[in-house]
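In: fold the following, please.
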Amino acid sequence: MTPPTAAELHALWAAAWPELVPHPRGFADRLGDPAHLLHRRDPDGTLLAALALRPPEAYVHAHIRLLLVRPEFRRQGLGRSLMQEAREHLGPVVLALGEERGHFLPGPTAPSVPFFEALGFTLTGRESVDMACDLRPSLPSTVIPAGMRLTTTAEQGILPTLLAFTESVFGPRWTHDAGAVAAHDPSQVLVLMKGAQVAGFALTGLETDPAVLPSFFFPDALRRAVGVTELVGGLGPIGIDPELRGGGVGSALMVAAMTHLQTRGAQAMAIDWTGVAPFYEKLGFREFVRYFHMRG
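Out: Next up, the predicted model:
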């Protein structure tokens, strides 16, 4: 059976989920190994359904990255058969829905939860959200704390120091994300330095940048959520040294990143996959997508 192209898969997503159509280039960049893509076609070759998976790597569980079925072909067993094939392919291992590095989605949204429950998945009790912010109004002044400075991984020697920091503090997924974005464009990785040590970092970007971040993976949905018509961007992950939390350093880095995107022309921005909505709400962010984490 002919493997689907990135364009076919993007068209399938747009048909299956028109409310959240992904950035075409960002979608193609995330597809990964074709051997981890399962699909179904009808006799004339039209792509009807597709599932993307990822075997266990940094974690003990595997991931179902994506499951799409054309609306007119739902309730015909296509999604169920793809899930069964994925389980046969992966063997006896726990499956997480979404959540993996380079993810499409952190997890299913509410309309999909009953389908996955019927397949034996259960809610973990954890929920996360994507949040959007209007960058057209003025932002608070950026005040970098005394003794710190803001730079990017374009500066000589910063990237190895940052990756050591993310690995020790946040683990492999954020280390992968920071390294991958820096490989595309080191100026998209903001780093807050305190002397020779990393105090915090933020991955940033516009929809036109080389690295398409998950925060603006759904640019049209972000535009609709905020009510803008032009350029959008986002940031995330963003992280601070635990010893510096609670003293305003995180807020200062966040405002600096927001100002950076505003200065570059973004009308709106988002931060994805967060479970600390109250922190971002203080800065003007509002929820626009909610995800439910599941295992099975």
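
In: the stretch 1-150 of the chain: helices as residue ranges?
Out: 6-16, 24-30, 78-90, 113-118 (DSSP state H, counting those that start in this stretch).

In: using a markdown table, lay out those helices together with distance to Gly246, mean pLDDT and mean neighbour count.
Out: Just so you know, the C-beta spots here come from the backbone N, C-alpha and C atoms, and that holds for glycine as well. Listed next are the helices of the stretch 1-150 of the chain as a markdown table, based on distance: least, C-beta to C-beta, whole Å; pLDDT from 0 to 100; neighbours: other C-beta atoms under 10 Å:
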| stretch | distance to Gly246 | mean pLDDT | mean neighbour count |
| --- | --- | --- | --- |
| helix 6-16 | 41 | 98 | 17 |
| helix 24-30 | 34 | 95 | 17 |
| helix 78-90 | 41 | 97 | 17 |
| helix 113-118 | 35 | 97 | 15 |
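
In: of these, which is nearest Arg70?
Out: For those, proximity to Arg70 was assessed by C-beta to C-beta; helix 6-16 is nearest, at 5.5 Å.

In: what does that closest one rub up against?
Out: The set of residues external to helix 6-16 that reach it, using C-beta atoms under 8 Å, 6 or more residues apart in numbering, is 4, 21-22, 24, 27-28, 31, 37, 47, 49-50, 68-71.

In: how far away from the center of its chain is the longest helix belonging to the chain?
Out: Assignment by DSSP state H gives helix 249-263 as the longest helix of the chain. Centroid separation between helix 249-263 and its chain, computed with C-alpha atoms, centre = their mean, to the nearest Å, is 19 Å.

In: got the helices of the stretch 1-150 of the chain as CSV, with distance to Val198 columns?
Out: Rendered in CSV, the data for the helices of the stretch 1-150 of the chain read as follows (distance: least, C-beta to C-beta, whole Å):
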stretch, distance to Val198
helix 6-16, 35
helix 24-30, 26
helix 78-90, 36
helix 113-118, 38
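
In: compare those and report which one is nearest to Trp273.
Out: Judged by C-beta to C-beta, the one of the helices of the stretch 1-150 of the chain that comes nearest to Trp273 is helix 24-30, at 14.2 Å.

In: which residues touch stretch 158-172?
Out: 58, 101, 151-153, 174-175, 178-179, 182, 186, 189, 191, 193, 196-198, 201, 237, 239, 241-242.

In: mind giving me the PyMOL command for buried ones among those residues?
Out: If you want just the buried ones from the contacts of stretch 158-172 in PyMOL, going by 16 or more other C-beta atoms under 10 Å, the selection is:
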select buried, resi 101+152+153+174+175+178+179+182+186+189+191+193+198+201+237+239+241
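
In: grab the nearest non-local neighbour of the residue nearest the centre of the chain.
Out: For the chain, Pro214 is the residue whose C-alpha lies nearest the centre (C-alpha atoms, centre = their mean; 2.9 Å). In this structure, Pro214 finds its nearest non-sequential neighbour in Asp272, 4.5 Å apart by C-beta to C-beta, 6 or more residues apart in numbering.

In: quick check, that neighbour in a strand?
Out: Yes: under DSSP: H, G, I helix; E, B strand; the rest coil, Asp272 sits within a strand.

In: residues of the longest helix of the chain that come out buried?
Out: Neighbour counts over helix 249-263 (16+ other C-beta under 10 Å) mark 249-250, 252-262 as buried.

In: would you turn those into CSV with pLDDT and distance to Leu139?
Out: Formatted as CSV, the buried residues of helix 249-263 follow (pLDDT from 0 to 100; distance: C-beta to C-beta, whole Å):
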residue, pLDDT, distance to Leu139
Val249, 93, 17
Gly250, 91, 16
Ala252, 94, 12
Leu253, 96, 13
Met254, 96, 10
Val255, 96, 6
Ala256, 96, 10
Ala257, 97, 10
Met258, 97, 6
Thr259, 97, 5
His260, 96, 10
Leu261, 98, 10
Gln262, 97, 6
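
In: between those residues, which sits nearest Val94?
Out: Val94 has its nearest neighbour among the buried residues of helix 249-263 in Gly250, at 32.6 Å by C-beta to C-beta.

In: with distance to Pro160 as added columns, please give the buried residues of helix 249-263 in JSON lines.
Out: Below are those laid out as JSON lines (distance: C-beta to C-beta, whole Å):
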{"residue": "Val249", "distance to Pro160": "22"}
{"residue": "Gly250", "distance to Pro160": "23"}
{"residue": "Ala252", "distance to Pro160": "24"}
{"residue": "Leu253", "distance to Pro160": "20"}
{"residue": "Met254", "distance to Pro160": "25"}
{"residue": "Val255", "distance to Pro160": "27"}
{"residue": "Ala256", "distance to Pro160": "23"}
{"residue": "Ala257", "distance to Pro160": "22"}
{"residue": "Met258", "distance to Pro160": "27"}
{"residue": "Thr259", "distance to Pro160": "27"}
{"residue": "His260", "distance to Pro160": "23"}
{"residue": "Leu261", "distance to Pro160": "26"}
{"residue": "Gln262", "distance to Pro160": "30"}
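
In: no further questions, thank you.
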